[in-house]
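Student: A predicted structure for the sequence below; I have some questions about it.
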Amino acid sequence: ITEKTWKGLLYGIPTLICGSPGIEKKLKNYGFKFPNNSDYDHLQGFERIDAMIKFMYQDHNMQELEDIGRHNFELAWNKRHLMNLFLEHIKKGQ
């Protein structure tokens, strides 16, 4: 998870990740949220980019995006949550 991803989460803006397949699933497991109608996390490379562009051109529920941004902002700044994630990785030896 790069600093570019964290930047979006810390600013409280809905974030799309042009990364490896499954990266959004991993972040969801950490408690972060993404729009329900996104369907590109399994793709990579140009296929992923193309699907992300198509997603951005769709009509979106702005209230949902605002709620996602707020949720991710609060979670990204929650020191206790971040420390627990860090400690889980140490326990697993990751």
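Tutor: Received it, and whenever you're ready, just let me know what you need.
Student: for stretch 24-34, which positions count as buried?
Tutor: Buried residues in stretch 24-34, counted by 16 or more other CB atoms under 10 Å: 24, 27, 32-34. Just so you know, the C-beta spots here come from the backbone N, C-alpha and C atoms, and that holds for glycine as well.
Student: which of those sits closest to L9?
Tutor: Of all the buried residues of stretch 24-34, L9 sits closest to F32, with 6.5 Å by CB to CB.
Student: before we move on, what SS does the closest one have?
Tutor: Of the three states, F32 takes coil according to DSSP: H, G, I helix; E, B strand; the rest coil.
Student: so what does it look like in phi/psi?
Tutor: phi -80, psi 160 (degrees, to the nearest 10).
Student: distance of it relative to E24?
Tutor: Plainly put, F32 is 8 Å away from E24 if you go by CB to CB, to the nearest Å.
Student: do the same with A76
Tutor: From A76 to E24 the distance is 15 Å (CB to CB).
Student: related to what we said a few turns ago, what's the most distant pair in the buried residues of stretch 24-34?
Tutor: Pairwise over these, using CB to CB, the maximum falls at E24 and K33, 9.7 Å.
Student: just give the number of residues close to G12.
Tutor: Summarising burial for G12: neighbours were counted as other CB atoms under 10 Å, giving 17.
Student: excluding its backbone neighbours, what's nearest it?
Tutor: Excluding the flanking residues, the one nearest G12 by CB to CB, 6 or more residues apart in numbering is F73, at 3.2 Å.
Student: likewise for L43?
Tutor: In space, L43 is closest to A51, 5.5 Å off (CB to CB, 6+ apart).
Student: which residues does the helix or strand harbouring the one you found contact?
Tutor: Using DSSP states H and E, A51 falls within helix 45-57. By CB atoms under 8 Å, 6 or more residues apart in numbering, the list of residues contacting helix 45-57 from outside reads 16, 18, 21, 35, 37-40, 43.
Student: rewinding a little: what is the neighbour count of the residue nearest to L43?
Tutor: 16.
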